[in-house]
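Just a sequence and a predicted model for now, questions to come.
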Amino acid sequence: MTFTTYQTPAPLEAYLRRATLGLPPERREEVWNELEEHLLCRAEQLEFQGHPPEKALEQALRELGPPLRVSAAMNGVHNMPKLIAFATLTTLAVSAGLYALAQQPAPTMQVPVQTQAPRVQCVKPDETQPKLPLVVKTGRVNCYQDNSGTQEGLYVSFTEVERALKPLGLRTEPSTDGGTLYFKNTLGQTLTASYAVFKRDGEAYLAVSDLIIMVMDSNAFPVHVSGYDQPVFNLKNVSNIVMQGKGQQFNQQVYRSLAESAALHFYDFSKYSKVWSYEFSEPAARTTERVISTPFKPGEVIAAYQWSGDRPDTLPDGRSYVSHKIILNLGVTDEQGKVKLKLPQDAKFTTTKPTSAGSDVQLVKLTNTPLGNMKSGLFLPK
């Protein structure tokens, strides 16, 4: 996975990065500056009214609303009064919808998930285009579907995504070429968009990881995942989404996708480059299996992250970036709340962001942790 820089220690900068995520480069700086000026002016007003500086900024950020909605609004809204009105109306609509849905039992929805996809080949628009079916144009690259090979992953159809989102008061709308799925609220405004990975039998499919990242970034709904053998995405008082896939290791694939998506919250690679990626791997064969005592009940899924190194690489559109190697290991707590994990002998457990590659290991409880606040799942061994 490759992402634009995302997290920084400063709350304001972190908010601005999220609020401008996905905007074209030529607009991102303009939007960033506009939002920053507005937020700083509002914070200054609050300070004048007697609020401490940190509390004033927190209040200004809350007033503007979740950064994902702000990002969506900025795709079609150019003046601040309209933006604030949009954020307010969206918040009211979501609150009303959740209140109404809270009065009735949450339904359970089965969502079929594909675990195999055709290979995808992405090239710059100015290069010779392969004679393959075109899946999507992103502006920087054209991505084509190579049916001669396959790649593993978790993929769900546009139709199933639309069905799963209806209870939330959200709807989807595909682009005219079927390569992009737009997520819209009840007012018709676009909240965000995701690209198709491949197409099959007239249906487009997107990566489950894209949906997970969207939920983690929006903070709009209290979503968490439970159940190791049968992963269930619990949207409190709204719906329970059960992912169904083939293969004995399907549940492990779901939790690994969740863990890889959650890594965004535990590492800050912005000092390396504006574009960076993760490169996940299993623990080396020589790694020792250790038993870790946790404060948790049986059946909780635990992830262990170790930043082991870096390497330079190049995207299909020619941009350079740094690929950061993360060793990822998953385990499940037993009846005593203990979990077996493959860890280096010199592992140093920490709940803070490592500043360099090494033996620092972060332990995270993936199950029953709000996806909008994955940092709350960080813990140290008992």
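In hand now; what should we look at?

How much space separates residue 293 from residue 287?
Noted for residue 293: a distance of 19 Å to residue 287, by C-beta to C-beta, to the nearest Å. The C-beta positions use only the backbone N, C-alpha and C, and glycine is treated the same way.

Show me which of those two is the more surrounded one.
When neighbours are counted by other C-beta atoms under 10 Å, residue 293 and residue 287 differ, and residue 287 comes out ahead with 17 against 12.

so the more buried one touches residue 342, yeah?
Yes: at 4.4 Å, residue 287 counts as touching residue 342 under the criterion of C-beta atoms under 8 Å.

Could you break the chain into its assigned domains?
2-101, 108-244, 266-379 (automatic domain parsing).

Please compute how far the last one lies from its chain's middle.
By that I understand domain 266-379. Relative to its chain's centre, domain 266-379 lies at 16 Å (C-alpha atoms, centre = their mean, to the nearest Å).

would you list every one of the strands in the stretch 151-300 of the chain?
Under the criterion DSSP state E, counting those that start in this stretch, strands of the stretch 151-300 of the chain are mapped to 171-174, 180-184, 190-195, 198-200, 203-207, 223-226, 232-235, 239-244, 275-281, 288-293.

weakest of the ones you listed in terms of mean pLDDT?
For the strands of the stretch 151-300 of the chain, mean pLDDT drops lowest on strand 190-195, to a mean of 81.

Give the other helices and strands that that strand contacts.
helix 67-74, strand 180-184, strand 203-207, helix 208-218 (3 or more C-beta pairs under 8 Å, 6 or more residues apart in numbering; DSSP states H and E).

Just the C-alphas of that strand, formatted as CSV.
The C-alpha coordinates for strand 190-195 follow below in CSV (Å, rounded to 0.1, in the frame of the first residue of the first chain):
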residue,chain,number,x,y,z
THR,A,190,-19.5,13.2,-2.3
LEU,A,191,-17.8,12.2,1.0
THR,A,192,-14.9,10.2,-0.6
ALA,A,193,-14.1,7.9,-3.5
SER,A,194,-12.4,4.6,-4.1
TYR,A,195,-10.9,3.1,-7.2
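
in it, what's buried?
Counting neighbours by 16 or more other C-beta atoms under 10 Å, one finds that the buried residues in strand 190-195 are 191, 192, 193, 194, 195.

Look at stretch 235-247 and report the distance between its end residues.
Distance between the two ends of stretch 235-247: 26 Å, counting by C-alpha to C-alpha, to the nearest Å.

Other residues contacting that stretch?
With contacts defined as C-beta atoms under 8 Å, 6 or more residues apart in numbering, stretch 235-247 is touched by 98, 101-102, 106-115, 154, 156, 164, 167-168, 208, 221-223, 230-234, 250, 253-254.

got the contact list for residue 177?
Contacts for residue 177 were tallied using C-beta under 8 Å, 6+ apart; they are 134, 136, 137.

What about those, which one has the most neighbours?
Highest neighbour count within the contacts of residue 177, by other C-beta under 10 Å: residue 136, with 23 neighbours.

what's that residue sitting at in phi/psi?
phi -160, psi 150 (degrees, to the nearest 10).

For it, give the beta-bridge partners.
Bridge pairing for residue 136 (DSSP bridges) gives the partners residue 143.

how about it, what does it touch?
142, 143, 177, 179, 180, 195, 196.

which among the residues you listed gets closest to residue 368?
Distances from residue 368 to these, taken as C-beta to C-beta, are shortest for residue 195 (30.6 Å).

Going through the contacts of stretch 235-247, which ones are buried?
98, 101, 109, 111, 113-115, 154, 156, 164, 167-168, 208, 221, 223, 231-234, 250, 253-254.

Now render the contacts of residue 177 as TSV, adding pLDDT and distance to residue 305.
Compiled in TSV, the contacts of residue 177 are given as follows (pLDDT from 0 to 100; distance: C-beta to C-beta, whole Å):
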residue	pLDDT	distance to residue 305
134	92	36
136	89	31
137	86	34
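
all helices of the stretch 1-150 of the chain, in order?
Under the criterion DSSP state H, counting those that start in this stretch, the stretch 1-150 of the chain contains helices at 11-19, 25-48, 53-64, 67-74, 80-101.
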